[in-house]
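Student: The sequence and its predicted three-dimensional model are supplied below.
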Amino acid sequence: MKKIFSKIYPNRLLHILVKPIDLKKNVNEITDHNKLLQCIGLKLQKGKKYDSHKHKKIFQLRMTSRTQESWCVIRGAANVFFYDTDGSFLCKQKLTSGCVSFTFEGGHSYEILSNNTLIYEYKNGPYKKINDKHYFK
């Protein structure tokens, strides 16, 4: 797992890149508990079962003031370009099948490298019809 920090604010985690090989344990905590976007990686064996359940309604207001985003490559490949909070370039990483990227702050862009690439994109909701993007390149 590669954690990418801001050059401007050195202790501020901006991005995470996870490859399938990074999942060493059965349960791998990927994101910190203080992030809006939460993820754990589960390395499971045949026959594993989970009890039927649903999630309780939580009567605590959850505030979202920043969009956090994740891309999970199912098939194909893409380059992800990570940027700092001021728009300056940090690094480029290649995403292949099973790889996932997280952006908590800062910016990103993607370049698809192969036809029929399949990607799942996740964001904290609700998805409102507002433009929350600021283009800097």
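Tutor: Sure thing, it's come through. Residues are numbered from 1 along each chain as shown.

Student: shaky segments in the protein?
Tutor: Counting by pLDDT under 70, the ranges of the chain that qualify are 126-130, 137.

Student: phi, psi of the residue located most distally from the centre of it?
Tutor: Residue distances from the centre of the chain (Cα atoms, centre = their mean) peak at Gly47, which lies 28.2 Å from the mean C-alpha position. Dihedral pair for Gly47: phi 90, psi -10, per degrees, to the nearest 10.

Student: Can you tell me how far it is from Lys94?
Tutor: According to Cβ to Cβ, to the nearest Å, Gly47 and Lys94 sit 34 Å apart. In short, each C-beta sits where N, CA and C put it, glycine included.

Student: List the contacts of stretch 10-22.
Tutor: When contacts are defined by Cβ atoms under 8 Å, 6 or more residues apart in numbering, stretch 10-22 is touched by residues 1-6, 28, 30-32, 41, 80, 82, 84-85, 90, 93, 95-96, 98-106, 108.

Student: cool, and stretch 107-116?
Tutor: Residues outside stretch 107-116 that contact it (Cβ under 8 Å, 6+ apart): 15, 69, 71, 75-84, 87, 94, 101, 136-137.

Student: got it, and stretch 49-60?
Tutor: The contact list for stretch 49-60 (Cβ under 8 Å, 6+ apart) is empty.
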